[in-house]
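K.L.:
Just to be clear, the model below is a prediction. Sequence and coordinates:
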Amino acid sequence: MNSKQPSSNFALKGFTSIQIGLYFLLSSYLIKIILEGFLIDDNPMGMLSAEILEYMITSICIILFIFSSLALFFSAKRRAKKQEIPLWNSSSKSIFWKYLASFLVLFIALIFLMNQGFIDVITPIFLIFYGFILLLINPKSNQNIQIIAGICLLLAVICFLIPNYWYASICILGIAHITYGIVGDK
């Protein structure tokens, strides 16, 4: 057993970041296909009601959260086993509760905005919250995570100005995660 000071096992590094980036790309693509299909007359998605469409998109977002969380968890489990430290040390528990609480607040805010009809601000608000969450849950906030958070803020401003830029923004966020996973500190 290592006698090092407890550190958090939950970190956005390497393959985990690549996975999360791929999940963002896949989710945004699925949402785009669903929305485009809804607008095309001959597409079967055009027969769906707006409520079903909302449930489908919300489900995709929840699945994105679950898969990303599982990627972080299994990465942390491997890291803890490799370093021979307990998975749930005090630092990991603190990060976990911050992560869970911040995403719960994010989901509540997004669902509230959706129910109030503020569809155009959902992506910018998500990007702003996500950037702050990255900084909040990363105890040793390094420069690369700060760059991703800055990208989120910049994309949020662009999405406020150009609401149709949501798909490109989420794709850029996914690419930023993939890039961080490839070149980030290992």
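P.N.:
Structure's in. What do you need?
K.L.:
Which parts of this protein are helices?
P.N.:
14-39, 50-83, 90-116, 122-137, 143-161, 166-183 (DSSP state H).
K.L.:
Output these as a markdown table; include the columns mean pLDDT and mean neighbour count.
P.N.:
Where C-beta positions appear, they are placed from N, C-alpha and C, glycine not excepted. Formatted as a markdown table, the helices of the chain follow (pLDDT from 0 to 100; neighbours: other C-beta atoms under 10 Å):
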| stretch | mean pLDDT | mean neighbour count |
| --- | --- | --- |
| helix 14-39 | 90 | 18 |
| helix 50-83 | 88 | 15 |
| helix 90-116 | 87 | 14 |
| helix 122-137 | 89 | 20 |
| helix 143-161 | 89 | 18 |
| helix 166-183 | 91 | 19 |
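K.L.:
Leaving out chain neighbours, which residue sits closest to residue 103?
P.N.:
Closest residue to residue 103 apart from its sequence neighbours, by C-beta to C-beta, 6 or more residues apart in numbering: residue 65 at 6.3 Å.
K.L.:
can you check residue 40 too?
P.N.:
residue 46 (5.9 Å).
K.L.:
roughly how far apart are the nearest residue to residue 135 once chain neighbours are set aside and residue 88?
P.N.:
Spatial nearest neighbour of residue 135, excluding adjacent residues (C-beta to C-beta, 6+ apart): residue 149 at 5.2 Å. Counting by C-beta to C-beta, to the nearest Å, the separation of residue 149 from residue 88 is 26 Å.
K.L.:
Equivalent analysis for residue 61, please.
P.N.:
The value you get for residue 61 to residue 88, if C-beta to C-beta is used, is 27 Å.
K.L.:
Could you do residue 24 as well?
P.N.:
27 Å.
K.L.:
Check residue 124 too.
P.N.:
Taking C-beta to C-beta, one finds residue 124 at 35 Å from residue 88.
K.L.:
likewise residue 59?
P.N.:
29 Å.
K.L.:
is it true that residue 34 touches residue 44?
P.N.:
No: taking contacts as C-beta atoms under 8 Å, residue 34 lies outside contact range of residue 44: 10.9 Å.
K.L.:
ok, the residue nearest to residue 135 - contacts?
P.N.:
131, 132, 134, 135 (C-beta atoms under 8 Å, 6 or more residues apart in numbering).
K.L.:
run the last query once more with 10 Å
P.N.:
127, 128, 130, 131, 132, 133, 134, 135, 136, 138, 141, 176 (C-beta atoms under 10 Å, 6 or more residues apart in numbering).
K.L.:
next one: residue 60
P.N.:
Residue 60 neighbours (C-beta under 10 Å, 6+ apart): 26, 27, 28, 29, 30, 31, 34.
K.L.:
could you dump the residues you listed to CSV with distance to residue 71?
P.N.:
Shown next, in CSV, are these (distance: C-beta to C-beta, whole Å):
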residue, distance to residue 71
26, 13
27, 13
28, 17
29, 18
30, 18
31, 20
34, 23
